[in-house]
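> Could you look at this predicted model? Sequence included:
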Amino acid sequence: MKWNVLVIGMVFIAGCTVTPKEEVFPLSNIHQYYKAAPDSVETRWISSENKMGKKGEGGMTNKGAKGDAFSMIGPKDTLVVFNQNGSGIITKMWMANSFAWSLENRRKISINIYWDGEEKPAVSVPFTDFFSIGLGLMRPFENEFFSMPEGRSFNCAIPMPFRKAAKIEIVNQTDKFVMFYYKINMLSVPKLADDVLYFHAYWNRDTTTTKGVDYTVLPSVEGRGRYLGTNIGVIGNEKYRGTWFGEGEVKIYLDGDEQYPTLSGTGTEDYIGTGWGQGEYINKIQGSTVSNKEHDIYTFYRFHTYDPVYFHQDCRVTLQQIGNSTKSRIVEMNKNGADIEPVWTYVEKDGYNAAKRFLDMDDPPKVDSDDFPENTSTNFYRSDDVSATAYFYLDRPSSNLPGLPSLELRLKHIKEKVYDPLGEK
């Protein structure tokens, strides 16, 4: 009797179809170079020579010789450069184009990235600004995630996972044809882990920030995620010509923070790892790609890699609008209509430099009075033209943030105020 039960059980098991468990591909494997990939993981390159990245179908035009190195984008037209279904990870993007020497046109081209069939893009940013340098400028540089070899091509190595689908489009709002080169590398994977997040990027600009009001790098984004960092561009206000713009603190509001943030820096140049002014330098996670004091333009970046910034409900990032100069220079600027109100200065006290915080005083001294310290380092609220691209990961394929601002806002004052030695004069 026991033998019959065993035989029946064996027959039953043999007759069942066992569905193999879908394998999860860990993203950490990408950087563990000695590990072999599962059979279900496949590498693909998408370019004009293989637009869908299909197996064995690359370089088929012109009898195998170089035939489709680029794609054309017509005036006011959009080119879809990546359109894949299924689960995967974009590992690298390389792009180049024929508009590289036109300053205004760089702001008329934008990049949109969509995840999992969403109608709203997770990324919608002016093209050059997306690639880690603001103000539509180009410079040779390389950091952790982006590079511009020789200042005329665009590389991004931020991992971008997707579960169901991914689409990347290049939007041409110029009145010219654009010769566009691209190669987007990806891995096709069977499944991603549940805790894998979607990449997002958000761009905005305030051409005249309000004195005493922090500039918003990233509005309050809802969800669970990780703030990856930012690149920022500043066009200095002519009223403050020749003074230092970057005393404002970067503030990061996390998970319900309201009036005051959980994370607060000590100054703009401090946030990007330098101090006492800001020259040009390029580091792995921090740098100042443009620091042109003569023309009062700055572009700089900071990424949070080994110092991650996680959030579980929401995240907001701001930058105080505070600059620095001396009493005599502030008096001079006020005579020319700058209307500067000091907020903080050094005073000599018992042989030491001590801080005097004017906003804490009931009756602070007037800047042009004898009671105000002479020619000492003095901070003041200011108004400049500031724009930023914020990078972050989120637990959803689209966010609650606004879309890309108007072309008019993207272009305002760019040709007149941004000095571009590599571009059209």
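Nice, thanks for sending it over.

> alpha carbons only for contacts and neighbour counts from here, please
OK.

> pLDDT below threshold where in the stretch 1-150 of the chain?
1-22, 99-101 (pLDDT under 70).

> Tell me where it has strands.
42-47, 71-73, 78-85, 88-97, 109-115, 123-126, 146-147 (DSSP state E, counting those that start in this stretch).

> Point out the most buried one among those strands.
Of these, the one with the most neighbours on average (mean count of other C-alpha atoms under 10 Å) is strand 123-126, at a mean of 26.

> Show me what it pairs with in its sheet, parallel or antiparallel.
Strands that pair with strand 123-126, judged by DSSP bridges, come out as strand 109-115 (antiparallel), strand 198-206 (parallel).

> Need the residues that contact the strand or helix carrying I330.
I330 belongs to helix 327-335 when assigned by DSSP states H and E. By C-alpha atoms under 8 Å, 6 or more residues apart in numbering, the residues outside helix 327-335 that reach it are 239-240, 339-340, 367-368, 372-378.

> 6 Å instead?
Identification of contacts with helix 327-335 by C-alpha atoms under 6 Å, 6 or more residues apart in numbering yields E374, N375.

> continuing past that helix, what's the next helix or strand?
Taking DSSP H and E, what comes next after helix 327-335 is strand 342-349.

> Please state the offset of that next one from the chain centre?
Relative to its chain's centre, strand 342-349 lies at 35 Å (C-alpha atoms, centre = their mean, to the nearest Å).

> tell me what it is packed against?
strand 352-357, strand 378-381 (3 or more C-alpha pairs under 6 Å, 6 or more residues apart in numbering; DSSP states H and E).

> got the buried residues for the last one?
Judged by neighbour count using 16 or more other C-alpha atoms under 10 Å, the buried positions of strand 378-381 are T378, N379, F380, Y381.

> That one: what's the following helix or strand?
With DSSP H and E, the next secondary element past strand 378-381 is strand 385-394.

> Measure how that following strand sits relative to strand 198-206, angle-wise.
Angle between the axes of strand 385-394 and strand 198-206 is 170 degrees (criterion: axes from the mean of the first three to the mean of the last three C-alpha atoms, to 10 degrees).

> How is the protein partitioned into domains?
Following automatic domain parsing, the chain resolves into domains at 41-52+67-196, 197-321+382-405, 327-381.

> Redo those as JSON lines? Include distance to V418.
Converted to JSON lines, the domains of the chain look like this (distance: least, C-alpha to C-alpha, whole Å):
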{"stretch": "domain 41-52+67-196", "distance to V418": "7"}
{"stretch": "domain 197-321+382-405", "distance to V418": "7"}
{"stretch": "domain 327-381", "distance to V418": "21"}
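
> Need the strands of the stretch 1-150 of the chain in CSV (columns: distance to D195).
Listed next are the strands of the stretch 1-150 of the chain as CSV, based on distance: least, C-alpha to C-alpha, whole Å:
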stretch, distance to D195
strand 42-47, 22
strand 71-73, 36
strand 78-85, 20
strand 88-97, 14
strand 109-115, 16
strand 123-126, 20
strand 146-147, 25
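
> and of these, who's closest to I133?
Ranking those by proximity to I133 (C-alpha to C-alpha) places strand 146-147 first, at 9.3 Å.

> And stretch 314-330, end to end?
Using C-alpha to C-alpha, to the nearest Å, the end-to-end distance of stretch 314-330 comes out at 39 Å.

> Can you list the buried residues in the helix holding I330?
K327, I330, V331, M333, N334.

> And the buried residues of strand 378-381, which is closest to G136?
Nearest to G136, judged by C-alpha to C-alpha, of the buried residues of strand 378-381 is Y381 at 26.4 Å.

> bridging residues for the closest one?
Here Y381, judged by DSSP bridges, has bridge partners I322.

> residues making contact with stretch 264-273?
G246, E247, G248, E249, V250, K251, G275, Q286, R302.

> do that again at 7 Å, thanks
If you take C-alpha atoms under 7 Å, 6 or more residues apart in numbering as the criterion, stretch 264-273 is touched by 246-252, 275, 277-278, 286-287, 301-302.

> Do a quick rundown of the helices in the stretch 51-200 of the chain.
103-108, 127-130 (DSSP state H, counting those that start in this stretch).

> same question, the stretch 201-350 of the chain
Using DSSP H, counting those that start in this stretch, helices in the stretch 201-350 of the chain cover 268-271, 327-335.

> from the chain's centre, how far out does the first one sit?
Here helix 268-271 is found 17 Å from its chain centre; the criterion is C-alpha atoms, centre = their mean.

> can you check stretch 148-163 too?
That offset, for stretch 148-163, works out to 12 Å (C-alpha atoms, centre = their mean).

> Format the contacts of stretch 264-273 as CSV; extra columns: neighbour count and pLDDT.
Shown next, in CSV, are the contacts of stretch 264-273 (neighbours: other C-alpha atoms under 10 Å; pLDDT from 0 to 100):
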residue, neighbour count, pLDDT
G246, 22, 95
E247, 22, 95
G248, 26, 96
E249, 20, 96
V250, 25, 98
K251, 23, 98
I252, 21, 98
G275, 12, 90
G277, 13, 86
Q278, 23, 92
Q286, 22, 98
G287, 26, 98
Y301, 26, 98
R302, 23, 98
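
> Let me know the closest of these to W203.
After measuring those against W203 - C-alpha to C-alpha - the closest member comes out as Y301, at 13.7 Å.

> Surely that closest one touches L228?
No - if you go by C-alpha atoms under 7 Å, Y301 and L228 don't touch, sitting 11.0 Å apart.

> do you know how far T209 is from I414?
Applying C-alpha to C-alpha to T209 and I414 gives a distance of 16 Å.

> hmm, I was thinking of R107
9 Å.

> more neighbours, the two?
R107 (26 against 17; other C-alpha atoms under 10 Å).

> Not counting sequence-adjacent ones, nearest residue to that one?
P126 (5.4 Å; C-alpha to C-alpha, 6 or more residues apart in numbering).

> Identify the residues contacting that neighbour.
Neighbours of P126 in contact, by C-alpha under 7 Å, 6+ apart: R107, I109, S110, I111.

> Understood, closing this out.
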